[in-house]
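Colleague: sequence plus predicted model, see below.
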Amino acid sequence: MAEGKILGEIMRKRRTQPSMTDATSPPQAAEAPGGGRGGALAVAALVALPLVLFWRAALLRGFIAHSDICYFFEPAKALLHESLRAGRLPLWSPYIFGGYPMAAEGQIAAFYPLSLLISWLLPSPAAVNWLILSHVILGGLSMYALARSLGRSPFASWLSGFVFSFSGFLFAHSQHISLLCAAAWMPLIILLVERAWRRGLLPAAPLAALAWAMSALCGHPQTTFYTTLLLIFWLLWRMAQERRKAGKWGAWRALGALGITVGLGMGAAAVQLLMTRDLSLAVAHGDRGSMQYVTSFSLQLEHLTGLLAPLWQGSPAYGDYSGVNYYWEYVLYIGLVPLFLAVIGGVERTGWTLLG
């Protein structure tokens, strides 16, 4: 019933709006901030929904615990809290074998400001709760801001933020806190790079570099790498869309935006990146570089079924998962309504498709 009402409302609005004849650029209203009362309600909903869904975790009446949270992240955040309260950073852990360079490993996020703040304020596992909650909220707000910058209405932008923050991918990987935190910055990085390309490099490109550095400091370099690849494809797509308007300077602006974002971002996150690099060179990787290793956990065609039926192979939550390891590596579900809307936007090609 709820999905039917949402679809009906969206389709009614589409019929009452004039069709867009220029599919190459977002409408000029894209630069309008906020959205008035509708925008305020959308932002409030994106903040409130995770807190309502995880109210026990928010009030510390219970703790989020599953797999890697128990095996790694909860003990790591306990060490971070203990170290910060003692006035030091957890550069070294004496609790793993003969000692281990925890900060260099990265996932403890010893240099990530939000991790430092939350872990200083709260002991683990309370810090784990609020790291997850805060970044689910951050991801939703970032995607909302990106959609608004592209000219979407407050409702469409809210739906984009809701779909992103509550997507099957992020929820399935909520046990991998470093991945969740790094991914939450992705929409904001794209927003700032888009603004740098469209309106000028300053101040948007340095701000994009700061957001990129925040993602890198979360300790999941794979996600930051994928974000950088997405930035490249995004800029290529935007240049293809506006090749007539952008002219020869469009490519130079794109290169400048990408170079400043990644270059300054790497510099800002160098304390983590260089330590992690040194550690990776000092340890043995039995399968490093092999084709089997680099293609592990790749999606197969049959996994597209998960777009329609998230439990088509069962779920570890119910003890009936029958697919290959690991379940969370293959979760694609974003909801049937967002998927239907994405198909409509892609088929009609009358404007910018709904983000989600």
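Modeller: On my side now, so go ahead. Numbering: from 1, shown residues only.

Colleague: measure Pro338 to Ala58 for me?
Modeller: Going from Pro338 to Ala58 by C-beta to C-beta, to the nearest Å gives 25 Å. Any C-beta I mention is one placed from the backbone N, CA and C, and that applies to glycine too.

Colleague: show the contacting residues for the nearest residue to Gly265 once chain neighbours are set aside.
Modeller: In this structure, Gly265 finds its nearest non-sequential neighbour in Trp212, 3.3 Å apart by C-beta to C-beta, 6 or more residues apart in numbering. Counting by C-beta atoms under 8 Å, 6 or more residues apart in numbering, Trp212 touches 185, 189, 224, 227-228, 261-262, 265, 268-269.

Colleague: so where's the stretch 151-300 of the chain shaky on pLDDT?
Modeller: 285-289 (pLDDT under 70).

Colleague: mind doing that once more with 90?
Modeller: For the stretch 151-300 of the chain, applying pLDDT under 90 flags the ranges 200, 237-251, 280-300.

Colleague: for it, which segments count as helices?
Modeller: Remark: helices assigned in the stretch 151-300 of the chain by DSSP state H, counting those that start in this stretch are 154-165, 168-172, 177-184, 186-199, 204-217, 221-241, 243-246, 248-268, 270-282, 291-294.

Colleague: contacting residues around stretch 77-94?
Modeller: 95, 99-104, 108-111, 115-116, 119-120, 122-125, 127-128, 131.

Colleague: so Ala104 makes contact with Met275?
Modeller: Yes. Ala104 lies in contact with Met275 (C-beta atoms under 8 Å); the separation is 4.0 Å.

Colleague: quick check: closest non-adjacent residue to the residue nearest the centre of the chain.
Modeller: Closest residue to the average C-alpha location of the chain: Ala183 at 2.4 Å, with C-alpha atoms, centre = their mean. Among residues not flanking Ala183 along the chain, Thr223 sits closest, at 5.3 Å (C-beta to C-beta, 6+ apart).

Colleague: how much space separates that neighbour from Phe171?
Modeller: Counting by C-beta to C-beta, the separation of Thr223 from Phe171 is 15 Å.

Colleague: so which of the two has more stuff around it?
Modeller: Counted by other C-beta atoms under 10 Å, Thr223 and Phe171 do not tie: Thr223 has more neighbours, with 23 against 17.

Colleague: poorly predicted segments of the stretch 1-150 of the chain, please.
Modeller: Applying pLDDT under 90 to the stretch 1-150 of the chain picks out residues 1-37, 65-67, 97.

Colleague: could you pull out the helices in it for me?
Modeller: All helices of the stretch 1-150 of the chain, identified by DSSP H, counting those that start in this stretch, fall at 2-16, 36-53, 55-58, 68, 74-85, 102-105, 113-121, 126-149.

Colleague: convert the last one to CSV, retaining C-alpha atoms only.
Modeller: Once side chains and other backbone atoms are set aside, the C-alpha atoms of helix 126-149 remain, and they are given as CSV (Å, rounded to 0.1, in the frame of the first residue of the first chain):
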residue,chain,number,x,y,z
ALA,A,126,28.5,2.5,22.3
ALA,A,127,30.9,4.2,19.9
VAL,A,128,30.1,1.4,17.4
ASN,A,129,26.4,2.2,17.6
TRP,A,130,26.9,5.9,17.0
LEU,A,131,29.5,5.5,14.2
ILE,A,132,27.0,3.4,12.3
LEU,A,133,24.1,5.7,13.0
SER,A,134,25.9,9.0,12.3
HIS,A,135,27.2,7.7,8.9
VAL,A,136,23.8,6.3,7.8
ILE,A,137,22.5,9.8,8.5
LEU,A,138,25.5,11.5,6.8
GLY,A,139,25.0,9.3,3.7
GLY,A,140,21.4,10.2,3.4
LEU,A,141,22.0,13.9,3.8
SER,A,142,24.8,13.8,1.4
MET,A,143,22.7,12.1,-1.3
TYR,A,144,19.8,14.6,-0.6
ALA,A,145,22.2,17.5,-1.1
LEU,A,146,23.5,16.0,-4.4
ALA,A,147,20.0,15.5,-5.7
ARG,A,148,19.0,19.0,-4.8
SER,A,149,22.0,20.4,-6.5
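
Colleague: compute the inter-axis angle for that helix and helix 154-165.
Modeller: Here helix 126-149 points in a direction 140 degrees away from that of helix 154-165 (axes from the mean of the first three to the mean of the last three C-alpha atoms, to 10 degrees).

Colleague: quick one: residues contacting the nearest residue to Phe63 once chain neighbours are set aside.
Modeller: Nearest residue to Phe63, sequence neighbours excluded (C-beta to C-beta, 6+ apart): Pro125, at 4.3 Å. With contact set as C-beta under 8 Å, 6+ apart, Pro125 has these partners: 63-65, 69, 74, 77-78.
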